[in-house]
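1. heads up, no residue letters with this:
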DNA sequence: GTAGGGTTAG
């Protein structure tokens, strides 16, 4: 077959070329476009040249952009365009090189971009080391100092940029100082500041600032919603979103991303699906960011098939998209699928980062794929050049430990090139609990104690190990230690969404308005289960109490209350979805399995670590958690 | 024709 010849038709409007440049064209297409620009004489126009350079720099053709620069005696504006594009692009450290090579004295616009570059670098530094090997805090300080030296630090854009920059490096004092320097902050500055405050963990001050704003646009609303999401207060985030819509503020893509994150956090599938249909009805394009937030919401609501459907239709998948999909498969126990997807990612030549490997290793560990996990861990550094984090070592110990290969887990710990951190010992402790290795559990706990750990789940784990071996002295010792160290126990809470409303249940709480119905249902559940020969597993109750009392304490675990409520309110044939803030205990797990059989219901339960999909008396985790 | 809000893990 004859290869089709491409026609060289110059586009009528030069502006139509810019999007195709930013979309990272192939080399040959790029040369074609360049030829058009030269022939049509458009590269002679400064503003157009600047736009072209900016588009090129933000795509994958940085060197090409640089090539264009000396073609004309470029103005400061053209150089600033390049710097701006670099600062917003995927490799912000290149901004500094371009800044140093400026053939002009930098102006306030140059510094606006430089501050932005430092901000992006600081944000990226948590995932990968920053290329110019310098601490991001030092970088922020010196960028600010340079702006002062050149007399541009008082420019409003530099000022509000500095607020965000110091927030990104986590320097709360510098944030406050930078904000105090601004004589009369406008809406944009205040929004930057409220974002900075909530990023620093102070949503309360952020909210005060927000309430005091004379006017708020959609960015200000979004920033506040995001603040709540990052604080883990997703209920308030969703409430604020409702207010935002009542106030008539425009809903942007960024807003929806935050709202979806809130839905994911709470596990409110119905509201999440509402956002999805909103996106569709507005005919919004599913960008990588929006699509990823959507896919993540579906996985965190236990709706994996839908998550994967969304994944497939995202056309420009980012590293976040891939990682989120992998993590979704991992937490739903689909280790095999997770590895397959990782292979696809490698084939697609997408570079995995450290977070990606956390997801894949967790996938292996959830599904008991020990050898595959080991291979993956080894490939991290050798094949992909990703240095392992403490967490990756923890995943490996978990992988060996869960599978019952405790000796391998211990060998692995001893062979670690870095000092084992808390998570490693906690993983060993958990494995000891699963496989009833009391001595090994004590050993792991001793290590944790030395670290002055206030890790509450670890203490509870050790207590469970003691309880399993009827060692009530050990149990009460753990309790005393917890008291002495001030380890606070988070109360167990299960949430269930019914017709758009989220109902929360705590252990033994009777405060729900429909509690009497719940009580009746609980009695019926227990009755029907007993007919099936179910006896409560009371071993894991934290304290040594009389057998009868124990049973009633267990029967009031929050997940059972939520389950009863779901059985009352949700029509037959609909899955019951429960979100628990802590791990499901063994008894509740067995109990739920039986309920799924006796009541012929699909039950999806999300706990702190993963999902359990109960059906016909079995669970997707194959009791392996 | 230059600012502020957004996605993965924990």
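-> On my side now, so go ahead. Here the structure is a predicted model, which is why all the values come from computation and not from measurement.
2. for DNA strand B, what is the nearest residue in the stretch 401-550 of chain A?
-> Here the residue of the stretch 401-550 of chain A nearest DNA strand B is residue A:423; by C-beta to the nearest atom of the strand that distance is 7.4 Å. Heads up, the C-betas are built off the backbone N, CA and C, glycines and all.
3. what's the answer for the stretch 301-450 of chain A, then?
-> Relative to DNA strand B, the nearest point of the stretch 301-450 of chain A is residue A:323 (3.2 Å; C-beta to the nearest atom of the strand).
4. now that residue. Nearest residue, chain neighbours left out?
-> Spatial nearest neighbour of residue A:323, chain neighbours left out: residue A:356 (4.6 Å); criterion: C-beta to C-beta, 6 or more residues apart in numbering.
5. does any bit of whichever strand or helix holds the one you found sit next to DNA strand B?
-> Residue A:356 is part of helix A:354-367, with elements assigned from DSSP states H and E. Yes. Judged by C-beta under 7 Å from any atom of the strand, helix A:354-367 comes into contact with DNA strand B at A:355-356, A:358-359, A:362.
6. circling back: what sits closest to the residue of the stretch 401-550 of chain A closest to DNA strand B if chain neighbours are left out?
-> Counting by C-beta to C-beta, 6+ apart, residue A:423 lies nearest to residue A:394, which is 3.6 Å off, once chain neighbours are set aside.
7. show me the contacts for the one you found.
-> A:421, A:423-424, A:426-427 (C-beta atoms under 8 Å, 6 or more residues apart in numbering).
8. and those residues, which of them are buried?
-> Neighbour-count burial (16 or more other C-beta atoms under 10 Å) is assigned, among those, to A:423-424, A:426-427.
9. pipe these into JSON lines and attach secondary structure per row.
-> Formatted as JSON lines, these follow (DSSP: H, G, I helix; E, B strand; the rest coil):
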{"residue": "A:423", "secondary structure": "helix"}
{"residue": "A:424", "secondary structure": "helix"}
{"residue": "A:426", "secondary structure": "helix"}
{"residue": "A:427", "secondary structure": "helix"}
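10. of all those, which comes closest to residue A:197?
-> Closest approach to residue A:197 among these (C-beta to C-beta): residue A:423, at 29.5 Å.
11. near DNA strand B, which residues of the stretch 301-450 of chain A?
-> Proximity of the stretch 301-450 of chain A to DNA strand B, by C-beta under 7 Å from any atom of the strand, involves residues A:318-321, A:323-324, A:327, A:353, A:355-356, A:358-359, A:362, A:391.
12. which one of those residues has the most neighbours?
-> Greatest neighbour count in those, by other C-beta atoms under 10 Å, goes to residue A:324: 28 neighbours.
13. contacting residues around that residue?
-> Residue A:324 neighbours (C-beta under 8 Å, 6+ apart): A:292, A:295-296, A:299.
14. just name the closest of those residues to DNA strand B, please.
-> Looking across these and measuring by C-beta to the nearest atom of the strand, the closest to DNA strand B is residue A:292, at 3.6 Å.
15. can you pick out the most distant pair from the buried ones among the contacts of residue A:394?
-> A:424 and A:426 (7.2 Å).
16. what comes into contact with the helix or strand hosting residue A:518?
-> For residue A:518, the host element (DSSP H and E) is helix A:515-531. For helix A:515-531, contacts defined as C-beta under 8 Å, 6+ apart pick out A:512, A:555, A:560-561, A:563-565, A:567-568, A:591, A:594-595, A:598-599.
17. weed out the non-buried ones from these.
-> A:512, A:555, A:560-561, A:563-565, A:567, A:591, A:594-595, A:599.
18. would JSON lines of the residues you listed with pLDDT, distance to residue A:269 and secondary structure be doable?
-> Listed next are the buried ones among the contacts of helix A:515-531 as JSON lines, based on pLDDT from 0 to 100; distance: C-beta to C-beta, whole Å; DSSP: H, G, I helix; E, B strand; the rest coil:
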{"residue": "A:512", "pLDDT": "95", "distance to residue A:269": "21", "secondary structure": "coil"}
{"residue": "A:555", "pLDDT": "62", "distance to residue A:269": "27", "secondary structure": "helix"}
{"residue": "A:560", "pLDDT": "94", "distance to residue A:269": "21", "secondary structure": "helix"}
{"residue": "A:561", "pLDDT": "95", "distance to residue A:269": "20", "secondary structure": "helix"}
{"residue": "A:563", "pLDDT": "96", "distance to residue A:269": "17", "secondary structure": "helix"}
{"residue": "A:564", "pLDDT": "97", "distance to residue A:269": "20", "secondary structure": "helix"}
{"residue": "A:565", "pLDDT": "97", "distance to residue A:269": "16", "secondary structure": "helix"}
{"residue": "A:567", "pLDDT": "97", "distance to residue A:269": "18", "secondary structure": "helix"}
{"residue": "A:591", "pLDDT": "93", "distance to residue A:269": "23", "secondary structure": "helix"}
{"residue": "A:594", "pLDDT": "95", "distance to residue A:269": "24", "secondary structure": "helix"}
{"residue": "A:595", "pLDDT": "97", "distance to residue A:269": "20", "secondary structure": "helix"}
{"residue": "A:599", "pLDDT": "96", "distance to residue A:269": "20", "secondary structure": "coil"}
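19. which of those sits closest to DNA strand B?
-> residue A:563 (24.5 Å).
20. now the stretch 501-625 of chain A against DNA strand B: closest residue?
-> Closest point on the stretch 501-625 of chain A to DNA strand B, by C-beta to the nearest atom of the strand, is residue A:609, at 7.6 Å.
21. which SS class is that residue?
-> At residue A:609, secondary structure determined by three-state DSSP is coil.
22. helix or strand: which one has the closest residue to it other than its chain neighbours?
-> Nearest non-adjacent residue to residue A:609, counting by C-beta to C-beta, 6+ apart: residue A:583, 6.1 Å away. For residue A:583, there is no helix or strand it lies in under DSSP H and E.
23. ok, so what distance separates residue A:466 from residue A:438?
-> 8 Å (C-beta to C-beta, to the nearest Å).
24. tell me which of these two has more neighbours.
-> Using other C-beta under 10 Å as the criterion, residue A:466 and residue A:438 rank with residue A:466 on top: 23 against 16.
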